[in-house]
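Undergrad: Here is a sequence together with a model predicted from it:
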Amino acid sequence: MDALFSFPNPVNEKAARAVASLVLIVCVIALATGAQWLLVALALGFLARVLTGPSLSPFGLLATKAIAPRLGEPRYVAGPPKRFAQGIGLTLTTLGAVLAVGLGIGPAGDAVLVAMIVATALESVFGLCLGCGLFGVLMRTGLVPEETCAACANFSPRLQSAP
């Protein structure tokens, strides 16, 4: 049971970017069609990934089992910042679902979808994870203890591994 409710560390960045691409596609569809109920499905997906990594997430399974293996050798990054980023996605999509679907405040749902489109496009296209960057800032300010992720103390792991 502990294995089910765990998050991988390290994480294949290619799989993370594939998940971001899938979320981006759903957000664009939801915004373009007005299908704000998709925020509920997105929130459930984020919940699954926060709690279990890719184990119970359809997008996580598709990304790790089918998409990332076709993108070449894995590129590993620290897991805790990615889990934190998934938590931010969970918070935003849950807020959007409650406001848009639960309370009928459509413009709030659209605003959340736009924010998600920006964040997931940055992650999937450019490899820039806003949640991971915020995690690094929180570590540097001491709000996230260093023992949470010793490999994360530096804001940019890519710069560490660069020659």
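TA: Nice, thanks for sending it over.
Undergrad: Could you pull out the strands in this protein for me?
TA: Secondary structure of the chain (DSSP state E): strands located at 11-12, 76-77.
Undergrad: Measure how far the first one is from the centre of its chain, please.
TA: Meaning strand 11-12. Counting by Cα atoms, centre = their mean, to the nearest Å, strand 11-12 is centred 12 Å from the centre of its parent chain.
Undergrad: Quick one: residues in contact with it.
TA: Gly53, Thr64, Ala68, Pro74, Arg75, Tyr76, Val77, Ala78, Gly79, Lys82 (Cβ atoms under 8 Å, 6 or more residues apart in numbering). Using the backbone N, CA and C atoms, a C-beta is placed for each residue, glycine as well.
Undergrad: which of the strands of the chain sits most buried?
TA: strand 11-12 (a mean of 22; mean count of other Cβ atoms under 10 Å).
Undergrad: Weed out the non-buried ones from the contacts of strand 11-12.
TA: With neighbours counted using 16 or more other Cβ atoms under 10 Å, these contain these buried positions: Gly53, Thr64, Ala68, Arg75, Tyr76, Val77, Ala78, Gly79, Lys82.
Undergrad: need those residues in JSON lines with distance to Leu95 and pLDDT, can you?
TA: Formatted as JSON lines, the buried ones among the contacts of strand 11-12 follow (distance: Cβ to Cβ, whole Å; pLDDT from 0 to 100):
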{"residue": "Gly53", "distance to Leu95": "23", "pLDDT": "91"}
{"residue": "Thr64", "distance to Leu95": "27", "pLDDT": "94"}
{"residue": "Ala68", "distance to Leu95": "29", "pLDDT": "95"}
{"residue": "Arg75", "distance to Leu95": "31", "pLDDT": "94"}
{"residue": "Tyr76", "distance to Leu95": "31", "pLDDT": "94"}
{"residue": "Val77", "distance to Leu95": "27", "pLDDT": "93"}
{"residue": "Ala78", "distance to Leu95": "26", "pLDDT": "92"}
{"residue": "Gly79", "distance to Leu95": "25", "pLDDT": "92"}
{"residue": "Lys82", "distance to Leu95": "21", "pLDDT": "95"}
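Undergrad: which one of these sits closest to Ser124?
TA: Ala68 (12.4 Å; Cβ to Cβ).
Undergrad: can you tell me which residues contact the closest one?
TA: Asn12, Lys14, Ala15, Ala18, Pro74.
Undergrad: Just give me the closest of the residues you listed to Pro145.
TA: The nearest one, if we look at the contacts of Ala68 relative to Pro145 and count by Cβ to Cβ, is Asn12, at 25.3 Å.
Undergrad: Excluding chain neighbours, what is closest to Leu128?
TA: Excluding its sequence neighbours, the residue lying closest to Leu128 (Cβ to Cβ, 6 or more residues apart in numbering) is Leu122, at 4.3 Å.
Undergrad: All good on my end, thank you.
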